Structures are given as C-alpha cells and as structure tokens.
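Student: predicted model, plus sequence, below.
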Amino acid sequence: MIPPIKSPKRVMSPTLEKKPFFSAVLRDITASCDSIVKLSVKVTGEPKPAVSWSKDGKAISQGGKYELFEDQCSAHLEIYESEVSDSGVYKCTATNSSGAVSTSCTVTVQAPKSSAMISEEVLRKEMIHEEIRSSVTEVKSSEIQKSVREGQSLTLRANIHGASNIKWILNGQQLANSEQYRYGVSGSDQTLTIRCVTQREQGIITCQAQTEQGLVRCQFNTDVTPKSSEAPHFLVQPRSQNVDQGQNVMFTCEIAGDPSPEVEWLKDNTIICVTPNIKLSRSKNSYTLEICEATVADSGKYTIKARNQFGQCSATSSLNVLSTPPKIEALPQHVSAEPGKSLSVAGMFSGDPAPSVQWVRSGRTLPNGDERFHVDNAADLSTLMISAVKEDDAGAYTLRLSNELGSDSATVNVHIRSM
C-alpha cells in the first residue's frame, strides 16, 4: 500500500519590524492671532508607531485649544484661538519597538498691529527725540487708551537710542526686575514684559532712561479690562443612536465657555483614546466623536465632559449596535458529479454573532466519521467537500445556521451522473 503524500508544512514569514520614518516633516510656520495653527506629519513604521507632541519640551495632550488626531499614515496637531504665547518649538515624536524619531518646527504667532504696534496685547511706542538746551529732555508719547485683557501677558517697547540707567515706573512706583516684571532689550528697544496682567497694572506705565540728550521718558496709558468668565454649558447635546453593525456613528455636540473648556470623551466611564476606528475632532464650539464601522462591542454609554476654572458640564448618550440573525445568502439548489470524482458545495451566509454551521444528510451531521467528507468554515462561507464520489452519495444535503437571534437552513440536491 502506497502511503499518502503529505503536503509540506506552511511556513509563516516573520513580520519585519521597521523603525519609524517621517515622509513629511514639520516646517516652520508663522500665523496671526486668533487663527487656527495646523501642524501635520506623515509617518510610517512597523509596528505602527505611537505619536506624541510637545511644545518647548512639555507634552501636549488632547483638550482645550489643542486638537490631536490621526488618519491613515498622517498625524495632526491643531491649535485653536492661537495667541502670541503659543509661539515656540513644537516637536512630534514617533515611537515603536524598533526605535523613535522626532521632527521639530518653530511656530511664530504674530499679534495684530496698530500705530502702537500691538502684539498679544503688546504696546509699542516709537520715541520722538527732542534736543533742548536743558540738561533734562522729556518725551511723552501721545496717550492712547488701549484695553488689555486681564490674565494676558503684556510687552511694552520703547525705542530709545543710547539708553542707560533704565527704569520702568507704574503709577509713580518703580518696578523691580522680577518674574512678573521682566526687563529686556531688543535692538534699540527697551522692553518690559508683564507675565500676567491684573487690575494693578491699570494706569500710567513709564519707561525712563538716561541718554546723551538727557533724561528721556516714554509713557504708556493702559486700561485693563476684566477677564471674562463663563462656565461650560451645552448649546447642543449629543443624541442616543441605534445603528446596524458596520455603520459609521457620529456623536456631535456644541459647548460654550470662556475660557475655552478642556474636553474629554468617555465610554462606560473609561476615557476614550484615538484609535484607527475612533476619531475625535473639534471645530470652534463643535465637538465630534466618530466611530468607523461600529461593532456590537462599541455599544454602551458615551459621555462628554467639559471643564474650565469656572465650572464643568457633562452629557451622556447611548449607542446600541444591532446584531443580525443568521441568513444563508447563497447556496446552489442542484449540483452533479461523476463517480470517483471530487465534489464541492459552497454556501455563503451572514449573522452576528457568528452563527454555528452544520451540514446534515438524512438526519446525520457530516462528516459523521467518513473521511471522504470534509467541512471547511470561514467567516461567511461554508464548504462541503466529498472526495471519490459514490452513487449512493446522491441525495439532499442541508446547510443549517443558528445563533441566539435565530436560525436558517437551505438544501442542495446532489446528483451522481452514470458512467
């Protein structure tokens, strides 16, 4: 007896690991105040790299004015309602088990300019020098009533050539060089940066310097407007949904608040992270959670929380992803074969959860111990194979499906042709 020939064992090729690589890197960008700053990269690697962002060495997380999202091989960072304080060095780092790479760029946010050259509520006064015979020369800029928002940073610039013995004076009181009041020089400009403006800074701020012409003063008149405050609240709440499996789902809401609130999404009280099938996005006051090709596992309670220093709000909606009973989508009614040949019958089906599959003949489940019969099941296809067909293999064969939602069956008639 000739022993059967065994098929060679299939050898799986190992997955090749690749260090992350940026095919599109960050570029320096200049933007104006209140615009949306968009940074994007393209990165590849195996396994898929994890992407992180930082500004001036400090990690950036989702929420507030920052929007982080990924699509395919791209990663994006968007900065909403940009301010001069958003200027800095931004870095994107991609990491996987084979290593890590980074790309950086410089973001410069420019403030609107006026005759006083306002930059992030920054006032600039050009000095007009007058030379008189007196040993003291005083030059006062025209007083411009300018509102500066409380809580912002403020930089004053006085253009004084050959200045020495610099003093900055607030309402008659000299300001010491400190963390709150930072003296500086930029070219021929004498600068004073106030880290965080309060009502105390309202009034007259003077830059006083000694020059060859004498004592020179540059005066600034500042009006500090109170910082607005508004706890987050919903303009539009997300709605509960019932969808079929495989459909895309979008939860959308609108939230107002000042300052702009930090927002997070949760599923069944667990924070949601961006994944290949879950996207988080923001456009002004509109926030969106998108689920691509939803499955039963995506069913649950979805909550969005928003908070700032003045309060918080939250809203919860539910998602119910509907499963389907089993159904035979395609099965031939009749097939035929010659004795001694092989015969295959394939049936396509659907159902969620995945149904159990049986081939039955004359009340017996196949293969029923007969080595000539073989059943091969895939995700949505079941194939009955009969080798060395005999005449008594003719008859009705039934494909049966079942899950907790129901069952389905269909019959194919097998004919054996006479030689």
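Tutor: Ah, there it is. Residues are numbered from 1 along each chain as shown.
Student: which of the residues in stretch 193-202 are buried?
Tutor: 194, 197, 201-202 (16 or more other CB atoms under 10 Å). The way it works is simple: take the backbone N, C-alpha and C, and place the C-beta from them, glycine included.
Student: what residues does it touch?
Tutor: For stretch 193-202, contacts defined as CB atoms under 8 Å, 6 or more residues apart in numbering pick out 121, 148-156, 170, 179-182, 184, 222-224, 226.
Student: mark which of those are buried, thanks.
Tutor: Neighbour counting with 16+ other CB under 10 Å marks 121, 148, 150, 152-156, 170, 181-182, 222, 224 as buried within these.
Student: restricted to strands, list these.
Tutor: Taking DSSP state E, the ones among the buried ones among the contacts of stretch 193-202 that sit in strands are 148, 154-156, 170, 181-182, 222, 224.
Student: the residues you listed: which two are farthest apart?
Tutor: For these, with distances taken as CB to CB, the pair at the greatest spread is R182 and V224 (18.1 Å).
Student: quick one: F251 and G300 touch, right?
Tutor: No. The criterion here is CB atoms under 8 Å, and F251 misses it with G300 at 11.8 Å.
Student: just the buried positions in stretch 105-113, please.
Tutor: Along stretch 105-113, these residues count as buried under the neighbour rule (16+ other CB under 10 Å): 105, 107, 109, 111.
Student: what does stretch 290-302 give?
Tutor: 291, 294, 298-299, 302.
Student: with stretch 239-248 instead?
Tutor: Neighbour count says stretch 239-248 has 241, 243, 245 buried, by 16+ other CB under 10 Å.
Student: now stretch 55-74
Tutor: Buried residues in stretch 55-74, defined by neighbour count with 16+ other CB under 10 Å: 55, 60, 62-70.
Student: ok, now stretch 359-378?
Tutor: Of the residues in stretch 359-378, those with enough neighbours to count as buried (16+ other CB under 10 Å) are 359-361, 366, 373.
Student: ok, residues contacting that stretch?
Tutor: Here stretch 359-378 makes contact (CB under 8 Å, 6+ apart) with 357-358, 382-388, 395-400.
Student: so what sits opposite T95 in the bridge?
Tutor: A50, A100 (DSSP bridges).
Student: where's it relative to G45, distance?
Tutor: T95 sits 9 Å away from G45 when distances are taken as CB to CB, to the nearest Å.
Student: what about those two, which has more around it?
Tutor: Under the neighbour definition other CB atoms under 10 Å, T95 and G45 were set side by side, and G45 has more, 22 against 16.
Student: so which strand or helix has the more buried one?
Tutor: Following DSSP states H and E, one finds G45 within strand 37-46.
Student: so in that sheet, which strands flank that strand, and in what orientation?
Tutor: For strand 37-46, pairing defined by DSSP bridges yields strand 18-24 (antiparallel), strand 74-79 (antiparallel).
Student: tabulate those strands (CSV), appending mean pLDDT and distance to H415.
Tutor: Listed next are the strands paired with strand 37-46 as CSV, based on pLDDT from 0 to 100; distance: least, CB to CB, whole Å:
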stretch, mean pLDDT, distance to H415
strand 18-24, 90, 55
strand 74-79, 91, 57
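Student: tell me which of those sits most buried.
Tutor: strand 74-79 (a mean of 20; mean count of other CB atoms under 10 Å).
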